[in-house]
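1. Sequence plus the predicted model coming up.
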4 protein chains.
Amino acid sequence: MAPLNDKQLHQIRDERREQIKAAAIQVFAHKGIVSAKMSMIAEKAGISNGLLYHYYKSKDELFMSLVQEAMVETESAMRSIYEMPGTPIEKIRALTAEILDESGAPYFMLIHQARTSDGVPVKVKHLLEQYSMDTFIDMLLPLYQEGQQVGELAAGDPRELIACFLSVLTGIMVINANGIEDYRIPKVDMLMRLIAHPVSSLSNK
Amino acid sequence: MAPLNDKQLHQIRDERREQIKAAAIQVFAHKGIVSAKMSMIAEKAGISNGLLYHYYKSKDELFMSLVQEAMVETESAMRSIYEMPGTPIEKIRALTAEILDESGAPYFMLIHQARTSDGVPVKVKHLLEQYSMDTFIDMLLPLYQEGQQVGELAAGDPRELIACFLSVLTGIMVINANGIEDYRIPKVDMLMRLIAHPVSSLSNK
Amino acid sequence: MAPLNDKQLHQIRDERREQIKAAAIQVFAHKGIVSAKMSMIAEKAGISNGLLYHYYKSKDELFMSLVQEAMVETESAMRSIYEMPGTPIEKIRALTAEILDESGAPYFMLIHQARTSDGVPVKVKHLLEQYSMDTFIDMLLPLYQEGQQVGELAAGDPRELIACFLSVLTGIMVINANGIEDYRIPKVDMLMRLIAHPVSSLSNK
Amino acid sequence: MAPLNDKQLHQIRDERREQIKAAAIQVFAHKGIVSAKMSMIAEKAGISNGLLYHYYKSKDELFMSLVQEAMVETESAMRSIYEMPGTPIEKIRALTAEILDESGAPYFMLIHQARTSDGVPVKVKHLLEQYSMDTFIDMLLPLYQEGQQVGELAAGDPRELIACFLSVLTGIMVINANGIEDYRIPKVDMLMRLIAHPVSSLSNK
DNA sequence: CATGAATGAGACTTCATTCAT
DNA sequence: TATGAATGAAGTCTCATTCAT
């Protein structure tokens, strides 16, 4: 009956936050930010409606916090590309596979929602500027250029190509996030054709 | 003495319906079915809130009517592929270009919304079954197989390839529909690489 | 193509007013004052929505005018009792039969609605005071007392008896007005037992 | 530390439900299902508009739940007649008195509203079929026939007589439910004359 | 920390009423 | 006179958020 000590409290808080985040990601991704109801999130997290507001001041804040996390995660994934082994195209394939595989879809979905929703306050918009597509393009640019030089990647304006590739990737993630059976996610190799140099990809096979 | 004659009335009604449809497509595509408020549509159409309900019984009906139209439109676009000139790959390129160009994005968006939203009643779901992805795959299958035989199109399970291609296309349309600047729509030629036979596409260039 | 002359116009006006009244009575009686929609009345009258408002300034006015008419009609029916042939009980039986038979039900319904509805403005309330139940009781009182003296009618406070009888009659009319099959309107003879002197009614049979 | 325990919660919920039901019965009986506004019910119950929907999913559901309760109540009252002491006519008089006395009027009103309103969905209609007037007639039939055999009750088709009697009773309850002063509810003895055998009722006095 | 009752703003929808023709 | 399109107020219902316990 003794009150929980600070450590325990802290642990409970962290656990709860994780429960909530996990639940919220699912619900947001499935239903979109507007259709997602706080009550759904609470239920999926196994907690009461009111408790949600002990951990997150508002739906917007909860959403924003997820978006931020998604962005940090995405950025770190992007950065990690330089630590990967292999040639440029192999690195990109690995990164792409990681994005497609992993539970990355909800992240993309969240970011997309954030970009397109307009009910969300200024704070999110700031985040979005900070992690705009250009940011990611900048990160991948050197690698892509290297790939072009070694003849692995398709010729053309590299920024444009990266932007298109990321857009396609985002599109796939977005339509995939809702769990609709109808759509079909392409295999990595298929997507790589978008940016691979034709001859290289031939010899690659 | 007499009130407006039939012709005038008809004309007014048609005008209004078009105004409303145009406004609704924009709003629905931008915001999704839930975020789209009838008041927004009314305002964008330049009419009162109540008048909306003279022309469409409910938000759902309005949405459904747009979705249906979108589907019919899409289906007819797909069917038209067989009337196009050129080899299989040229036909597909032309169709793809048409989809990307034209104001087709909102249509795709609507269909996607219909597929993913769950606030929509049974009627829409029926429509969706009628125009599932499989339907479209079936339509394109013969053409694709022909393309494979003449060596223009990539080898592999043709249904799978078509499904992936359409999914990518849908994804692009969806992220594009919101009018976000960040994303970058690939050129047709780039997208064609997804399904073109490597050698063929080389010689094509 | 010559414009209608005054007489014709007048005639049209009268016809229209009758159409509207007839339609309105039906709709009001069936649905009650709130559920009755002006559009229903217009449709049943075979005219346009707008035209209704050329003849009646508002729903309330239309309703009120019907109520007034119903009251005048009812009062005159009541008054006519003294012109009827026969003994007091025979007169009352005749009046009762008239009320039950005739399309009188809607009238009762209207008056009842007016009494119970509270959305109706002051003017109707004035009417109601003018034609309160007491008014009718006063009218029937001499007859009833005569009936008691000749031993045809049940003993007891005559005002009370009349009031009860009229209330029962009203109740029947009200539940009958909606056209529900479930209810069963008693025969006149049955109702007369409420106020007939037992012995008299025996010998009457 | 813990929130309200189960018992307390249960109690609060029950209280609220009772508040709401009491308020709703009054408002529905007074105004009818259409005129009755949820806001009126909320106000009369002393709660917010939104809380109403915590306890009842919709206006229809609230109405239906009251109707159902009214029907069950009515049926049980009818059934109880066989447990009452006395001869058939005494039993019927007791039942009638109970109906007239008690707060039964709102119940009758509700059932009547349900029968006559047409805004109410299918579910209520099902209920109504289950508890149609015929059902009640069937329940009273044996008793009535017994009453006829012992010469207490008026001769004639017993089903018809019961139906008329119940209709009159309903009519009275309906016009009484609105709380209009004008009407006058007959005493039980007066109503009994409708169905009592003349001679019997004579000796009864 | 935890609960769920309670609130209220806002959205959809209906319909009496007005208005241009 | 006659029409039906057009308006806007009001009602039902949802849900993010707060509050008492």
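-> Now that the structure is in, tell me what you want to look at.
2. Just to check, A:Phe108 is in contact with A:Val168?
-> No - A:Phe108 is not in contact with A:Val168 according to Cβ atoms under 8 Å; the separation is 11.6 Å. For the C-beta atoms, the positions are set from N, CA and C on the backbone; glycine is no exception.
3. Among those two, which residue is more densely surrounded?
-> A:Val168 (26 against 23; other Cβ atoms under 10 Å in any protein chain shown).
4. Residue of chain A closest to chain D, please.
-> Minimum separation of chain A from chain D (Cβ to the nearest Cβ) falls at A:Ser48, amounting to 8.2 Å.
5. ok, which stretches of chain A are helices?
-> Applying DSSP state H to chain A gives helices spanning A:6-35, A:38-45, A:49-55, A:59-79, A:88-101, A:104-116, A:122-130, A:133-149, A:158-177, A:188-192, A:198-204.
6. so which of the ones you listed gets nearest D:Pro142?
-> Within the helices of chain A, the stretch nearest D:Pro142 is helix A:38-45; the backing value is 53.3 Å (Cβ to Cβ).
7. in the closest one, what's buried?
-> Buried residues in helix A:38-45, counted by 16 or more other Cβ atoms under 10 Å in any protein chain shown: A:Met38, A:Met40, A:Ile41, A:Ala42, A:Lys44, A:Ala45.
8. can you list the domain ranges for chain A.
-> Under the assignment automatic domain parsing, the domains of chain A span A:1-56, A:66-204.
9. hmm, the last one in reach of DNA strand E?
-> Just to be clear, that refers to domain A:66-204. No - contact of domain A:66-204 with DNA strand E (Cβ under 7 Å from any atom of the strand) is absent, the minimum separation being 9.1 Å.
10. Centre of the chain to that domain, how far?
-> 9 Å (Cα atoms, centre = their mean, to the nearest Å).
11. Is any residue of it near chain B?
-> Yes - using Cβ under 8 Å from any Cβ of the partner chain, domain A:66-204 reaches chain B at A:112, A:115-119, A:132-134, A:154, A:160-161, A:163-164, A:166-168, A:170-175, A:178, A:180, A:182-187, A:190-191, A:193-194, A:198-199, A:201-202.
12. buried subset of the residues you listed?
-> Buried residues within those, defined by neighbour count using 16+ other Cβ under 10 Å: A:112, A:115-117, A:133, A:154, A:161, A:163-164, A:166-168, A:170-175, A:178, A:182-186, A:190-191, A:193-194, A:198, A:201.
13. Identify the residue spatially nearest to A:Gln145, adjacent ones excluded.
-> Spatial nearest neighbour of A:Gln145, chain neighbours left out: A:Pro158 (5.5 Å); criterion: Cβ to Cβ, 6 or more residues apart in numbering or on different chains.
14. Please give the number of neighbouring residues around the one you found.
-> Applying other Cβ under 10 Å, we find 21 residues neighbouring A:Pro158.
15. A:Val188 now?
-> Other residues near A:Val188 come to 17 when the count uses other Cβ under 10 Å.
16. Could you check how far it is from A:Leu194?
-> For A:Val188, the distance to A:Leu194 (Cβ to Cβ, to the nearest Å) stands at 11 Å.
17. now do A:Tyr53
-> From A:Tyr53 over to A:Leu194 the distance is 45 Å, taken as Cβ to Cβ.
18. ok, A:Ala23 - contacts?
-> Going by Cβ atoms under 8 Å, 6 or more residues apart in numbering or on different chains, A:Ala23 touches A:Ile41, A:Ala42, A:Lys44, A:Ala45, A:Gly46.
19. so the fourth one makes contact with A:Ala22?
-> Yes - taking Cβ under 8 Å as the definition, A:Ala45 is a contact partner of A:Ala22 at 7.4 Å.
20. So for A:Met64, what's the pLDDT?
-> Per-residue confidence (pLDDT) for A:Met64: 90.
21. ugh, typo on my part, it should be A:Glu129
-> A:Glu129 is assigned 83 on the pLDDT scale.
22. Give me whichever of the domains of chain A is most buried.
-> Across these, averaging neighbours per residue (mean count of other Cβ atoms under 10 Å in any protein chain shown) puts domain A:66-204 on top, at a mean of 18.
23. And DNA strand F, is that one touching that?
-> No - judged by Cβ under 7 Å from any atom of the strand, domain A:66-204 makes no contact with DNA strand F; its nearest approach is 9.9 Å.
24. Identify the residue nearest A:Asn178 in space, chain neighbours excluded?
-> B:Thr116 (4.0 Å).
25. for the closest residue to A:Leu52 other than its chain neighbours, what are its contacts?
-> Take A:Leu52 and drop its neighbours on the chain: the residue closest to it by Cβ to Cβ, 6+ apart is A:Ala42, 5.1 Å away. Counting by Cβ under 8 Å, 6+ apart, A:Ala42 touches A:Ala23, A:Ser48, A:Asn49, A:Leu51, A:Leu52.
26. What's the end-to-end length of stretch A:37-57?
-> 15 Å (Cα to Cα, to the nearest Å).
27. for the record, mean pLDDT for it?
-> pLDDT averaged over stretch A:37-57 gives 96.
28. What residue in chain A comes nearest to chain B?
-> A:Gly171 (2.4 Å).
29. quick one: contacts for the closest residue in space to that residue that isn't next to it in sequence?
-> Excluding the flanking residues, the one nearest A:Gly171 by Cβ to Cβ, 6+ apart is B:Gly171, at 2.4 Å. Contacts for B:Gly171 were tallied using Cβ under 8 Å, 6+ apart; they are A:Val168, A:Thr170, A:Gly171, A:Ile172, A:Met173, A:Val174, A:Ile175.
30. Kind regards, and thank you for your time.
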